[in-house]
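Peer 1: dropping a prediction and its sequence here:
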Amino acid sequence: MQVQKEEVRNKILEVAETEFMKNGFQGTSMRKISKLANVNLGNIYNYFSNKDDILRTVLQPFFKEVDKIVQVHSDIEDIRNFFSIEHQQEIIEKHVEFITKHRQQIYLLLYKSQGSSLELFRDYYTDKETEHFLILFQRLKQVFPNANTSVSDFFIHICASWEINIFGEIVSHDVSTDDIRKFIEEYVTFSINGWKALILE
């Protein structure tokens, strides 16, 4: 019986994700999900409290990894290696893996979640990224006392906003994995060296 319940739950999530991607959160009805999943409408509420709950459950695996990509800069063990080629390569690999693995979920969040409790994900990501940049700056200041760490908070906020918008541009275009890698390599090289020039030179 438990296996059957799990199968029903998974079928609801599978149908819902497809419908959210096609019609957006607002354009998807519980009745349509019920019909396509071949599950009685009343029975769906035994699994999920509402449509928003379904969307959050669909995106749960994605959210488990969001914080990992946000803190990729500030997680470096030895901050003295922040500007190293090795660290740049690590950032590139993590970003390429994150985007290619969660391409559909990123698109769903940024372009199809209007009307849900997740419609402000872009702001959430920007705020978290800004927070980690500020942590990074504190660590840099400890290792490089003469570093210019008086960069304005608003500039850091703009850079954080830039990253999530770049993700949005990538997932909204038909870009191959190879092209994603090439672009991320260019972006990370540009970004790291830009910060180096701003902070240390």
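Peer 2: That came through fine.

Peer 1: any idea where the helices of this protein begin and end?
Peer 2: If DSSP state H is used as the criterion, the helices of the chain fall at 2-23, 30-37, 41-44, 51-58, 60-70, 85-101, 103-111, 121-143, 153-171, 177-200.

Peer 1: can I get those in TSV with mean pLDDT and mean neighbour count?
Peer 2: (C-beta placed from N, C-alpha, C; glycine too.) As requested, the helices of the chain are exported to TSV (pLDDT from 0 to 100; neighbours: other C-beta atoms under 10 Å):
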stretch	mean pLDDT	mean neighbour count
helix 2-23	89	15
helix 30-37	96	16
helix 41-44	93	14
helix 51-58	97	19
helix 60-70	85	15
helix 85-101	91	16
helix 103-111	95	20
helix 121-143	85	17
helix 153-171	91	16
helix 177-200	89	14
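
Peer 1: now do the residue most central in space within the chain against Tyr125, distance only.
Peer 2: A centroid search over the chain (C-alpha atoms, centre = their mean) returns Val66, at 5.0 Å, as the residue closest to the centre. According to C-beta to C-beta, to the nearest Å, Val66 and Tyr125 sit 7 Å apart.

Peer 1: can you check Gln138 too?
Peer 2: With distances taken as C-beta to C-beta, Gln138 is found 21 Å from Tyr125.
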